[in-house]
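Visitor: 3D model of this:
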Amino acid sequence: MTTVPLPFAQRLAERTLALNTRLCLGLDPRADTYAGHAELRAHTLEVLNACAELVACVKPQLAFYEALGLAGMELLEEVCEVARSLELPIILDAKRGDIGSTAAAYAGAWLGGRHAGAALTVNPFLGFETLTPFTDAARQNGGAIFVLVKTSNPGQAALQGGGVSERIAIELTRLGAQENTGAGLSSIGAVVGATHPQELADWRARLPHAPLLLPGLGVQGARPDDLAGAFLPGGTGAVVSASRGIQYAEGLELSAAVRAAQGFRDGLNSALARSGLT
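Guide: Residues are numbered from 1 along each chain as shown. Model (predicted):
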């Protein structure tokens, strides 16, 4: 008999509380940083293993694996296999989005199989109907999607301003209200940049059922002290992602990556404690 996995939101919340961490480890192996593929592979897996107990989930950015060709896709499968062995939820950062059968193919590829994550970032800008294959695949696999709402880059306002992000949030709230997959949250999450700290409490209120993924911690300028508004009482409901600020905190020094992850984790926990959320 096939075992149905626990819903992604529930697994993420349970790990957050068990390990007292709201940090998401971004793994973005940059080829120009290494002497060759063997060093890239070894360092990426070393960072994953060394930081696993400090983070709630891991987020491989697909672009960096695609750039490495076949060897990169093999590494992605290995990263996912190791993460699963560590019971570490995987958010695959691919920002996929398309229409009809193409969307269904993307959903099948990245929400099921050896190189897939338990969750996937999704681009909604071709229309809300394009979300359906992704939401269906996520629910079938006990996974989740994180839909772009308000991204962390400075240029986002040119397209996401004027009420566009708010309209996406309304649709995600409507979809999320149709289910409850653990921890009071749905399988339909939202990407909201940690670089918008003054807006986080508003997005948390607009998206009551959505787990939030907050990219931008560290190199992009977001600070742990400013992010408590994204969380629910009890300190769940969101994870904050750091990539270069951990993996390359001091070049390829593994101990520096661990120290950086510890610092981000502890900073987030302190911010939530001061806000009375934990």
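
Visitor: isn't residue 109 right up against residue 116?
Guide: Yes. Using C-beta atoms under 8 Å, residue 109 is in contact with residue 116, at 6.9 Å. The way it works is simple: take the backbone N, C-alpha and C, and place the C-beta from them, glycine included.

Visitor: Look at the two and report which has more neighbours.
Guide: Neighbour totals were compared for residue 109 and residue 116, and residue 116 leads with 22 against 16 (other C-beta atoms under 10 Å).

Visitor: just checking, the more buried one touches residue 106?
Guide: No. If you go by C-beta under 8 Å, residue 116 and residue 106 don't touch, sitting 10.7 Å apart.

Visitor: Now do the buried residues in stretch 139-146.
Guide: By neighbour count on 16 or more other C-beta atoms under 10 Å, the buried set for stretch 139-146 is 139, 141-146.

Visitor: Where does pLDDT dip in this structure?
Guide: Residues of the chain meeting the criterion pLDDT under 70: 1-5, 180-183.

Visitor: What residues of the longest helix seen in it count as buried?
Guide: For the chain, the longest helix by residue count, based on DSSP state H, is helix 254-274. Within helix 254-274, the residues that count as buried by 16+ other C-beta under 10 Å are 254, 257-258, 260-261, 263-265, 267-269, 271-272.

Visitor: Counting by contacts, list what that helix packs against.
Guide: Here helix 254-274 touches strand 23-27, helix 37-51, strand 238-242, helix 244-247, going by 3 or more C-beta pairs under 8 Å, 6 or more residues apart in numbering; DSSP states H and E.

Visitor: hmm, 6 Å instead?
Guide: Judged by 3 or more C-beta pairs under 6 Å, 6 or more residues apart in numbering; DSSP states H and E, helix 254-274 is in contact with helix 37-51, helix 244-247.

Visitor: and the first one, C-alpha only, in CSV?
Guide: Yep, that's helix 37-51 we're talking about. Written as CSV, here are the backbone C-alpha positions of helix 37-51 (Å, rounded to 0.1, in the frame of the first residue of the first chain):
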residue,chain,number,x,y,z
HIS,A,37,33.0,20.1,-10.8
ALA,A,38,34.4,17.6,-8.2
GLU,A,39,35.1,20.5,-5.8
LEU,A,40,31.7,22.1,-6.6
ARG,A,41,29.9,18.9,-5.9
ALA,A,42,31.8,18.1,-2.7
HIS,A,43,31.4,21.6,-1.2
THR,A,44,27.7,21.8,-2.0
LEU,A,45,27.0,18.5,-0.3
GLU,A,46,29.3,19.4,2.6
VAL,A,47,27.4,22.6,3.2
LEU,A,48,24.1,20.7,3.0
ASN,A,49,25.1,18.1,5.6
ALA,A,50,26.9,20.6,7.9
CYS,A,51,23.9,23.0,8.1
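
Visitor: Can you check what angle separates that helix from helix 254-274?
Guide: On the basis of axes from the mean of the first three to the mean of the last three C-alpha atoms, to 10 degrees, helix 37-51 is oriented at 40 degrees to helix 254-274.

Visitor: Could you point out the helix or strand that follows helix 37-51?
Guide: strand 57-60 (DSSP states H and E).

Visitor: Check the spacing between residue 83 and residue 229 real quick.
Guide: As defined by C-beta to C-beta, to the nearest Å, residue 83 lies at a distance of 29 Å from residue 229.

Visitor: which one of the two has more residues nearby?
Guide: Set residue 83 next to residue 229 and count neighbours by other C-beta under 10 Å: residue 83 wins out with 22 against 19.

Visitor: so that one makes contact with residue 57?
Guide: No. With contacts counted by C-beta atoms under 6 Å, residue 83 stays clear of residue 57, the gap being 8.5 Å.

Visitor: In terms of helices and strands, where is the spatially closest residue to residue 30 that is not a sequence neighbour?
Guide: Distance criterion C-beta to C-beta, 6 or more residues apart in numbering; nearest residue to residue 30, sequence neighbours excluded, is residue 64 at 6.4 Å. With secondary structure defined by DSSP H and E, residue 64 is part of helix 62-66.

Visitor: For the next helix or strand after that helix, name the packing helices and strands.
Guide: As assigned by DSSP H and E, the chain's next helix or strand after helix 62-66 is helix 70-85. In this structure, helix 70-85 packs against helix 37-51, with contacts taken as 3+ C-beta pairs under 6 Å, 6+ apart.
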